[in-house]
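K.L.:
Could you work out the structure for the sequence below:
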Amino acid sequence: MLRTADARTFVLLEGPSDCRALDPHIESHSARTLPAYSKSALERTVALVDERDFERTLGILDRDWVDVIHAPVESDNLVYTDDYDLDATILLSGDVLERLVSSVTNRDQRETHLAKMASSVEDSLVTVSARIGIGRMISTRDGYGVKFEGFPVHTCLDLDSGEVDVGTLATIAVSRSKAPRVEASELADLIDAHEFDPEECRMYCSGHDLAATIVAFIRNRWGGGSISRDTVENMARAALGCEDLKSMSFFEAVKDWAMKNQTTVWSCS
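P.N.:
Purely as a prediction, here's the structure:
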């Protein structure tokens with residue numbers, strides 16, 4: 001219906017915040033973003049696009065548990081984010097994370113704390129977020145119904161060591177859930193038993209958990225004062241530059257799709 005009034009290429013994203021993140025990098029004369037308002041709605045829309053051969057419409061989906069629990073949706077009009085979701089992909093692309101953290105923290109306090117943990121900014125955040133992500137993955141995979149959305153990362157995090165107390169993590173997650181189908185002790189054992197490969201940590205990290213972990217360190221160890229998770233996420237989206245975007249695999253996937261469909265999506269050359 002929109003195509004009758006707008007001849008541009010449509011880029012479908014899961015939500016309005018995703019559109020706001022990518023809009024500055026979209027060639028507005030030839031393409032526009034549209035929010036689907038949910039993952040399932042976006043998947044159904046792409047299925048209709050494929051079924052009806054609707055031209056120049058591309059969906060960009062959060063990777064979530066693709067290749068971990070689920071197989072990817074097969075479509076020539078769909079690409080996935082590099083990491084768990086778009087926010088995580090943005091935070092972990094280029095030097096967005098370093099620029100963001102440097103702009104809102106005390107350098108000496110941050111560097112002293114990182115030296116004590118023998119870690120970098122990215123590694124410390126990913127290690128914490130991945131533990132929570134593994135719990136989320138297990139609950140999704142096994143149908144436990146444990147609530148991890150908006151998880152209060154600071155409640156299970158030892159700020160001095162950067163280590164997560166898995167028992168506390170599981171207890172809090174289960175206690176926040178309406179009808180969990182697993183005991184906290186069993187969930188903690190499953191998280192502990194999961195092979196924790198540092199090379200694969202990024203795939204478990206959601207943007208919300210990364211932002212919440214940043215907030216915990218900024219407020220309590222990096223001398224950044226009061227800052228919210230939403231503020232961190234908005235700052236990351238605003239900090240995303242062309243060079244950061246071009247470091248993402250999905251940037252190339254979108255560019256390739258645009259060439260095949262004789263259109264232009266990115267304003268970044």
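K.L.:
What residues sit buried inside the lengthiest helix in the chain?
P.N.:
What stands out as the longest helix in the chain, according to DSSP state H, is helix 121-142. Of the residues in helix 121-142, those with enough neighbours to count as buried (16 or more other CB atoms under 10 Å) are 121-122, 124-140. (C-beta placed from N, C-alpha, C; glycine too.)
K.L.:
Residues contacting the strand or helix carrying Arg44, please?
P.N.:
Secondary structure assigned from DSSP states H and E places Arg44 in helix 39-51. For helix 39-51, the external contacting residues (CB atoms under 8 Å, 6 or more residues apart in numbering) are 12-14, 36, 54, 57, 59, 61-62, 64, 73, 75-78.
K.L.:
Now, of the residues you listed, which are buried?
P.N.:
Applying 16+ other CB under 10 Å to the contacts of helix 39-51, the neighbour count classes 12-14, 36, 57, 59, 61-62, 64, 73, 77-78 as buried.
K.L.:
And the residues you listed, which two are furthest apart?
P.N.:
Greatest spacing in the buried ones among the contacts of helix 39-51, by CB to CB: Thr57 and Asp64 (21.3 Å).
K.L.:
quick one: the helix or strand just after the longest helix of the chain to chain centroid distance?
P.N.:
The first helix or strand that comes after helix 121-142 along the chain, using DSSP H and E, is strand 157-158. Mean-position distance between strand 157-158 and its chain equals 22 Å (CA atoms, centre = their mean, to the nearest Å).
K.L.:
which neighbours does strand 157-158 have in its sheet, and in what orientation?
P.N.:
Partner strands and pairing direction for strand 157-158 (DSSP bridges) are strand 163-164 (antiparallel).
K.L.:
tell me the mean pLDDT for the partner strand?
P.N.:
The predicted model gives strand 163-164 an average pLDDT of 95.
K.L.:
Ends of stretch 193-208, what's the gap?
P.N.:
Across its full length, stretch 193-208 reaches 24 Å end to end, with CA to CA, to the nearest Å as the criterion.
K.L.:
what's the burial count for the closest residue to Val73 other than its chain neighbours?
P.N.:
Nearest residue to Val73, sequence neighbours excluded (CB to CB, 6 or more residues apart in numbering): Glu43, at 5.9 Å. As a burial measure, the neighbour count of Glu43 was computed by other CB atoms under 10 Å and equals 17.
K.L.:
what about Glu43, distance to Trp222?
P.N.:
Glu43 sits 39 Å away from Trp222, going by CB to CB, to the nearest Å.
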